[in-house]
Structures are given as structure tokens and as C-alpha cells.
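[1] Have a look at this fold, sequence not included:
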């Protein structure tokens, strides 16, 4: 999904499914401004370049690690986030180009 233009209706459906879960939508909102939303957690790596550690997302959400991992996989499959490994930890950041594609596709599709 990540490499598509976002104009395929099936592609948009995957995005909407991913964002249709309140917890995943909340995570995407947190990742929009990681310095503000995760300031209470000591960063393992630069949040702007590699994103937020999945353990910090899990701690902030209060959800089980397996649940957060599943949610992040769903967001990744929809192309909305990029994972980056830093040591043994996975960090996630939003994909601004993909989000812009989705916005353009919505504008032309709806």
C-alpha cells in the first residue's frame, strides 16, 4: 500500500480501516508532534528523524505490547508510518508524503 498513489478506492479503504480504530488514530495524532506528546519519555534516538520508540507508544497508550505492535503493523501496512530499527527497538514516525497522497486522493475521490 505504501507505494501507491492513493487514488485506488481499495487503497483508501485500507487507510480508513487503519484510522478507524480510536487507539490507532490517537497514536497517529501523537506522532504528529512527538516532542510534545512523548516529552516525559527519554528518547532513545532523535524523534524527528527516526520517530518514537514502540515501548514509549505502549507506555503512553497503556495497551499491551502485543496490541501496540499489531496496531503499528496495521498503520505500516496502510503506509501511514515508517519503522526504523535502533538497536533492539523499533521506532515509528508518520509518513508525511503518504498522508499528503491520501488527502489528495480524498479530494479527488469524494
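    Nice, I can see it. Model, not experiment: these values are computed from the prediction.
[2] can you map out the helices along this structure?
    Assigned by DSSP state H, the chain shows helices spanning 9-19, 22-32, 34-37, 47-50, 54-61, 65-77, 96-109.
[3] per-residue pLDDT, the residue nearest to the spatial centre of the chain?
    When C-alpha atoms, centre = their mean is applied to the chain, the residue found nearest the centroid is residue 81 (3.8 Å). Residue 81 carries a pLDDT score of 97 in this model.
[4] correct me, but it touches residue 92?
    Yes: using C-beta atoms under 8 Å, residue 81 is in contact with residue 92, at 4.6 Å. All C-beta spots, glycine's among them, are computed from the backbone N, C-alpha and C.
[5] Name the residues contacting each of these two.
    31, 51, 72, 75 (C-beta atoms under 8 Å, 6 or more residues apart in numbering).
[6] Contacts only, for the closest residue to residue 86 other than its chain neighbours.
    The spatially closest residue to residue 86, leaving aside those adjacent along the chain, is residue 45, at 4.5 Å (C-beta to C-beta, 6 or more residues apart in numbering). Contacts for residue 45 (C-beta under 8 Å, 6+ apart) come out as 53, 84, 86, 91.
[7] Just flag the most distant two among the residues you listed.
    Using C-beta to C-beta, these span at most 10.0 Å, a distance reached by 53 and 84.
[8] who's more crowded, the two?
    When residue 53 is set against residue 84 and neighbours are counted by other C-beta atoms under 10 Å, the residue ahead is residue 53, at 23 against 14.
[9] No more questions from me, cheers.
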